[in-house]
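Enquirer: Pasting the sequence and the predicted model now:
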Amino acid sequence: MTVQFPGGLTVITGETGAGKSIVIDALELVLGARASAEMIRAGSDELEVSGVFTHDASIRDEEFPIGEDDDVLILRREVRADGSSRCFVNDQPVTLKSLKKLGDRLVDLHGQHDHQSLLMVTDHVRFLDGYGGLGERAEAVGRLFHEYVTVRASIARMKERIENSRRDRDLYRFQSDEIDNANILPNEDEELEQSIRRLSRATELKELGWRAFQVLSDAEGSVEEVLGSLAGSVGELAQSDSGLAPLAERMEELTGGVSELAGDFRRYADAIEDDPATLAEIEERLAFIERLKKKYGPRLDDVFAFREKIGKETVEIEELEHELKALESTLGTVGPNLFRCARELSAKRRKASPELAREVEAHLAELGMSGAKLVIEIGKNEGGIELAFEGAQITVGKEGADRVEFMFSANPGVPPRPLVKIASGGEVSRVMLALKLALSSVDSVPTMVFDEIDVGVSGRVAEAVGNKLLKLSGKRQVVVITHLPQIAGKTVSHFSARKTVEKGMTQASLVALDENMRQKELAAMLSGEKLTDTALAHARELMKKPGNDG
């Protein structure tokens, strides 16, 4: 389906099931609505929807790929059978969030389900903010509220962590002191064990050293003495036989080596301490280290690793306390900012609310509800958080400090009551149209689409609704899907939604109607499938009324 809507007022009519909803679904999709694989025609792998929009500089944003010379925007959406989708603006890929943000600036689409937003009190504040131009302020309050709640929750979690860790910190401090005060050296346990083994056999080792010294050098007939005598004989005979000279040198070297070895044994024996007190001290030191290894080991390296670990955790606890102070400082800034912004927003809402009510009532009077009264009640937000600042206290939620609810009375003399409890379907549709008309005076969105805004109305009221829509289209493009001939007759830009079956496949289309086709369409809407002369005449009258010259 390909269709181009002209400026001004365009109406789309057609029987139930003729395909009008396909137009709305496609438009919503290209404007950033949620996609579903169920939208794809059976047997196809994907769907694609494109929308071409003219625009002015007011919609420009760094987020959108719009060049300075681009006066046309092409929005495109692809949806695959696996449910994934891709979004493009002027053939440049964008996120779905960006596409929706841009779509909201291009088109205000009021679908049938949007009637229900009037019956949801939580949406009433959105209408008021829209009329008062308070959207950005409300978003700022929402961001500050989110930040405040997030920081406050972080503070609570951090305090709990710090409180739990304080007990650990006392234990860590004891453990750190115990390990640090021990002044343990790497491999000290192995060295102590070796010292204990040596001291426990000190007498034997000392005796061995002396005995070796005596055998090698000190005793009569020692190795050094025997070798020395033999070396002298070899040296003397080497003078007669030069072949003995090398052997004589080796004998002298060997004798010298034995002498040096004997000296080493003597020094070794002298160095051996046979001191039971020293042995007891070393055994006590080793026992202490073994206790530390049992607590923090099992190896000495594990003790050092454990000390490093609790040192880091102690630092982390201290860092948590610093972070807590920083968060509390942030909260001390965000809280007053939220308080001030929420109060300012509340004051502006209270100023805008009677103005919106008066404008809605004026539109309702022209829509056949001259005695209707709308009261916008602004009360205290009861579902937020308490904030106190400069001697004042308010309750703030994500929408600010206010609870906004529309109170409505359709008839004079009847006190306004909550709109959600008393309005009929026709009244709700007219209140919604009146709100849209009021919002249009402050909204710059160039295109408005109404899907059956006329639910529950007929006759003279339908005529008034049509006039209102026609007046609204003087400043922007308006597309209306309607079942009422009184509305459809207001413009020559008239499309009929139709379905045909081609080669076993259902095809939907929008047919642009000329004057003769329009007359028949309006007559069918008046009298049903059989076109009577009376219906045709009535259709001609509707087409002749003021405002129907296109």
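Expert: Perfect, thanks for sending it. Numbers count the residues shown, from 1 in each chain.
Enquirer: helix/strand/coil for the residue lying farthest from the centre of the chain?
Expert: Distance from the C-alpha centroid of the chain, by Cα atoms, centre = their mean, peaks at Ser240 (105.2 Å). Three-state secondary structure (criterion: DSSP: H, G, I helix; E, B strand; the rest coil) places Ser240 in coil.
Enquirer: what stretches of the stretch 451-550 of the chain score poorly on pLDDT?
Expert: 456, 545-550 (pLDDT under 70).
Enquirer: where along it do the helices fall?
Expert: 459-472, 485-488, 515-527, 533-544 (DSSP state H, counting those that start in this stretch).
Enquirer: Counting by contacts, list what the shortest one packs against.
Expert: Right, helix 485-488. Helices and strands touching helix 485-488, by 3 or more Cβ pairs under 8 Å, 6 or more residues apart in numbering; DSSP states H and E, are strand 9-13, helix 459-472, helix 515-527, helix 533-544. For glycine as for every other residue, the C-beta is placed from the backbone atoms N, C-alpha and C.
Enquirer: TSV for the ones you listed, including distance to Ser440?
Expert: Formatted as TSV, the helices and strands packed on helix 485-488 follow (distance: least, Cβ to Cβ, whole Å):
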stretch	distance to Ser440
strand 9-13	13
helix 459-472	6
helix 515-527	26
helix 533-544	25
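Enquirer: Relative to Arg166, which of the ones you listed is closest?
Expert: With Cβ to Cβ as the measure, helix 459-472 is the member of the helices and strands packed on helix 485-488 nearest Arg166 (66.1 Å).
Enquirer: tell me the angle the closest one makes with strand 9-13.
Expert: Using axes from the mean of the first three to the mean of the last three Cα atoms, to 10 degrees, the inter-axis angle of helix 459-472 relative to strand 9-13 is 140 degrees.
Enquirer: hmm, back to that, of the helices of the stretch 451-550 of the chain, flag the one that's most buried.
Expert: Among those, ranked by average contacts under mean count of other Cβ atoms under 10 Å, first place goes to helix 485-488 (a mean of 26).
Enquirer: List of residues touching it?
Expert: 11, 13, 454, 459, 462-463, 465-466, 469, 480, 482, 494, 521-522, 525-526, 538-539, 542 (Cβ atoms under 8 Å, 6 or more residues apart in numbering).
Enquirer: now swap in stretch 207-216 and tell me
Expert: 222-224, 258-259, 261-263, 265-266, 268-270, 272.
Enquirer: likewise stretch 358-367?
Expert: Outside stretch 358-367, the residues that reach it (Cβ under 8 Å, 6+ apart) are 131, 370, 372-374, 430-431, 433-435, 437-438, 441, 461, 464-465, 467-468.
Enquirer: Report the angle between the longest helix along the chain and helix 459-472.
Expert: Using DSSP state H to define each element, the chain has its longest helix at helix 300-366. Going by the same axes, to 10 degrees, helix 300-366 is angled at 120 degrees with respect to helix 459-472.
Enquirer: Specify the next element, helix or strand, located C-terminal of helix 300-366.
Expert: strand 373-380 (DSSP states H and E).
Enquirer: buried ones in that following strand?
Expert: Lys373, Leu374, Val375, Ile376, Ile378 (16 or more other Cβ atoms under 10 Å).
Enquirer: ok, and the closest non-adjacent residue to the third one?
Expert: In this case it means Val375. Met407 (4.1 Å; Cβ to Cβ, 6 or more residues apart in numbering).
Enquirer: Three-state assignment for that neighbour, please.
Expert: Classified using three-state DSSP, Met407 is strand.
Enquirer: doesn't Arg417 make contact with it?
Expert: Yes: under the criterion of Cβ atoms under 8 Å, Met407 makes contact with Arg417 at 6.2 Å.
Enquirer: Neighbour count: the two, which is higher?
Expert: More neighbours surround Met407 than the other of Met407 and Arg417, with 19 against 13 (other Cβ atoms under 10 Å).
Enquirer: so how far is stretch 391-401 from its chain's centroid?
Expert: 25 Å (Cα atoms, centre = their mean, to the nearest Å).
Enquirer: Could you pull up the mean pLDDT of it?
Expert: The pLDDT scores in stretch 391-401 average 91.
Enquirer: Equivalent analysis for stretch 12-26, please.
Expert: Per-residue scores along stretch 12-26 average to 84.
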